[in-house]
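Structural data only, the sequence is not supplied:
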């Protein structure tokens with residue numbers, strides 16, 4: 001009798017098993033919504049599918065009477081701009097600092113304790129400070145994302161660099177490579193896959209920091225819209241927005257995964273995150 005640990009689903013079964021939890025959750029929601037609406041047709045906690053459809057049509061396909069914009073797409077563009085800008089800045093700082101800390105003993109001795117301490121600071125705790133220092137504009141929200149994920153990237157990449165076989169660095173020096181050449185030609189190609197993996201793991205916290213910043217001070221954005229309509233118990237807007245944020249996060253993760261597979265096809269499949 002074959003062990004369960006050795007049984008692998010085929011492609012069709014894998015898709016079926018992956019979709020099954022979503023189907024079950026949808027069925028549970030529809031049953032609960034129908035039960036609540038049958039008792040109180042004005043119930044707002046679990047809206048019907050028709051309410052979702054009307055809300056999505058109003059937000060995504062009808063221009064706002066006040067601004068003339070399509071609210072969902074304007075919110076999406078504002079949030080993605082903040083998120084991508086924060087990720088790009090955090091990636092640049094995390095990569096350069098991570099390589100320096102992991103490769104150069106003097107830099108490691110000077111900055112590794114500081115990075116370790118910064119990584120323990122809850123980013124949301126400094127959000128009021130950011131708004132005081134930078135004001136209520138875009139800079140504070142982007143800075144929150146950068147502060148939130150940069151220390152993680154720096155620590156992760158520096159440990160990856162430090163874990164590289166010492167023999168590689170010694171051989172490169174024997175062949176006459178400078179420190180810069182070792183960093184760019186030996187270290188960098190080997191840790192770039194790790195950088196992509198770190199970015200994928202940082203997407204969840206990055207969205208959390210973005211939504212938190214938008215909830216406090218913004219005039220548009222996905223987080224702003226959710227916290228704006230919560231006072232009206234508008235679950236027909238909140239739930240689609242949450243689902244849309246989840247889909248956007250999944251799409252970004254998918255793109256990063258595809259990028260990793262295309263750019264680093266030499267990497268063993270089991271080592272890919």
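Done, it's in. Just so we're clear, the structure is a prediction, and the values are computed from it rather than from any experiment.

quick one: average pLDDT of the longest helix seen in the chain?
As assigned by DSSP state H, the longest helix anywhere in the chain is helix 71-103. Throughout helix 71-103, pLDDT has a mean value of 94.

Provide the contact partners of the helix or strand just after it at residue level.
Using DSSP states H and E, the next helix or strand after helix 71-103 towards the C-terminus is helix 105-118. Applying Cβ atoms under 8 Å, 6 or more residues apart in numbering, the contact partners of helix 105-118 are 97, 100-102, 151, 154-155, 158, 162. C-beta coordinates here come from the backbone N, C-alpha and C atoms, glycine included.

just stretch 211-231 next, same as before
By Cβ under 8 Å, 6+ apart, stretch 211-231 touches 71, 74-76, 78-79, 82, 124, 127, 131, 136, 140-141, 144-145, 210, 237-238, 241-242, 244-245.

again, 6 Å this time
Identification of contacts with stretch 211-231 by Cβ atoms under 6 Å, 6 or more residues apart in numbering yields 74-75, 78-79, 124, 136, 141, 144, 237-238, 241, 245.

which of the residues in it are buried?
Under the neighbour-count criterion of 16 or more other Cβ atoms under 10 Å, stretch 211-231 has 211-216, 218, 220-229 buried.

Check the offset of that stretch from the chain's centre.
18 Å (Cα atoms, centre = their mean, to the nearest Å).

next one: stretch 254-265
For stretch 254-265, the distance to the chain centre is 16 Å (Cα atoms, centre = their mean).

So which residues of the stretch 151-273 of the chain form helices?
166-174, 179-181, 188-216, 222-229, 235-263 (DSSP state H, counting those that start in this stretch).
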